[in-house]
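> Using only what follows, build the 3D model:
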Amino acid sequence: MKQVPPTIGKERRFSDFVVYVDESGDHGMANIDPHYPVFVLAFCIFYKGHYLSSVVPALQQLKFDYFGHDLVILHEHEIRKEKGDFRLFKNRADKQAFMGRLSTLIDNSNFILASCVIEKNRLSSRDEQDNPYHLALRHCLETLFDFVKEKKQEDLVTHVIVEKRGAKEDDELELEFRRICDGDNKYQRDLPFSIRMAAKASNSAGLQLADLVARPIGRHVLNPEQPNQAFDVLRRKFYCEGGRQAVGNGYDQWGLKHFP
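Residues are numbered from 1 along each chain as shown. A predicted model of the protein is given here:
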């Protein structure tokens, strides 16, 4: 039976898309890490139909194949450092096989990337007064609006899912999110987005994939000449100037914004 989108009366409420968000790096300005002086925010925009039918089952299957259950939560840091559940690798070849499987999964997952990288060590004294997370959030929400407008869904609600970090941080983020969506953006109009906070233990497939993409984006901006296999997979996913026909090109300062 064909599912009918939720409605209010006879009008449709929600867009066809859902967004999962994660970050990489510290958004604080007090002590900047000289080895990773950036803050990265990544929006992974999924078409709900594809997410339900392909992305979630593929991620669950990978977990069952490698761990025997689906309770493992994929974290880029733990995988890279081989901590917790990711101490399962017997040797380098074993880890490379797992990473290859993960890369294929990400490559096959048709999501759109909207990301912003704040190069904290290059901010001017005036810009340093701004919260890097808030700066990145504004850029990403504006790009997300460009996307939903292109899809003619700017009058429908799109949910943006963010991982909880702590009561104080979550309250500040929600306040900033609502401020931007209430008109403090380059369009000076209301943006049709609703924020939802999810606990780390929620085991959301979308949040886990967002976690895996943020750091490779930061590494690319810091050193674009350095080989970066993970970023090469992501390159074709950025929202770009030429639309679907130009994937992999024209995304710089479009789907991948870096500031200043």
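
> Asn110 and Asp146, how far apart?
Distance, Asn110 to Asp146, using CB to CB, to the nearest Å: 18 Å. C-beta coordinates here come from the backbone N, C-alpha and C atoms, glycine included.

> Those two - which one has more neighbours?
Shown here are Asn110 and Asp146; by other CB atoms under 10 Å, Asp146 has more neighbours (16 against 12).

> Quick one: residues contacting that one.
Applying CB atoms under 8 Å, 6 or more residues apart in numbering, one finds that Asp146 lies in contact with Tyr239.

> can you rerun that using 7 Å?
Asp146 makes no contacts at all, as judged by CB atoms under 7 Å, 6 or more residues apart in numbering.

> Relative to Asp16, how far out is it?
Applying CB to CB, the value for Asp146 to Asp16 is 16 Å.

> got it, and Ser54?
15 Å.

> So, low pLDDT: which residues of the chain?
Applying pLDDT under 70 to the chain flags the ranges 1-10, 125-129, 243-246.

> at 50 what do you get?
1-4, 8-9 (pLDDT under 50).

> Stretch 162-176: which residues count as buried?
Residues Val162, Glu163, Leu173, Glu176 are the ones in stretch 162-176 that count as buried (16 or more other CB atoms under 10 Å).

> Over to stretch 223-234?
So stretch 223-234, judged by 16+ other CB under 10 Å, has buried residues Asn228, Ala230, Phe231, Val233, Leu234.

> will you turn those residues into TSV that also has distance to Arg138 and secondary structure?
Listed next are those as TSV, based on distance: CB to CB, whole Å; DSSP: H, G, I helix; E, B strand; the rest coil:
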residue	distance to Arg138	secondary structure
Asn228	26	coil
Ala230	26	helix
Phe231	24	helix
Val233	27	helix
Leu234	22	helix
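
> With respect to Cys116, which of the residues you listed is nearest?
Ranked by distance to Cys116 (CB to CB), the buried residues of stretch 223-234 are led by Leu234 at 14.2 Å.

> Alright, that wraps it up for me.
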